[in-house]
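Asks: predicted model and sequence below, questions to follow.
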Amino acid sequence: MSSLFEFGQNNKPEHPIRCPHCATTLIIRNGTYLRAHPEKIGQVAIQRYLCKSPQCPWKTFSVLPYPFLPIIRHFYRTLFLCHSLCYAQNRSQADTARRLNVTRGVVKRLRGFCRRFISWFNREEPIADWGPDPEANQAELWPDFNRDISHTFYPCRWLNLSPTQYIPTCFQ
């Protein structure tokens, strides 16, 4: 009985990656791009995919592994650390920039985003599919967490919005 769920119509294993926009499995690999590694010096190759569905409005996408966040060029722990330094510890922008190893301008932009992100995280944490912590089961929960962040903070990039998300405006 389990073979019905594991294999498609042509007895080929079901592809675990789905297009986040149309949920089809009609995809192919479409190269890679590089992102900076959050803890080590160097870069990580992120797989890019091409959606082959004719109805899909988006053609390419990537499934970001933990700890990479979509669109945001910072990492999950960086957001929490920046919020802690700026708001809980009341550090200056210059001190926060030194600790995060970024410029003061980046901290200024990141500070505003962190405030919105933490309030969203605290509101969504008890009701979201990814549960209390997306780090707990990264393989299963991280793609859903990334999708929810994209739907909330970058709604103009998505056609169908999740019904549980509150979207005040389009942030670009």
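Replies: Alright, I've got the coordinates.
Asks: helices along this structure, start to end?
Replies: Assigned by DSSP state H, the chain shows helices spanning 2-6, 76-83, 93-100, 104-124, 138-153.
Asks: just send those back as CSV, with mean neighbour count, mean pLDDT and distance to residue 130 too.
Replies: (Each C-beta comes from the backbone N, C-alpha and C, glycine too.) Below are the helices of the chain laid out as CSV (neighbours: other CB atoms under 10 Å; pLDDT from 0 to 100; distance: least, CB to CB, whole Å):
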stretch, mean neighbour count, mean pLDDT, distance to residue 130
helix 2-6, 7, 44, 23
helix 76-83, 18, 90, 12
helix 93-100, 16, 92, 25
helix 104-124, 16, 91, 8
helix 138-153, 18, 85, 4
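Asks: now those in TSV, with distance to residue 23?
Replies: Listed next are the helices of the chain as TSV, based on distance: least, CB to CB, whole Å:
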stretch	distance to residue 23
helix 2-6	16
helix 76-83	25
helix 93-100	36
helix 104-124	21
helix 138-153	11
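Asks: so which of these gets nearest residue 19?
Replies: helix 138-153 (11.5 Å; CB to CB).
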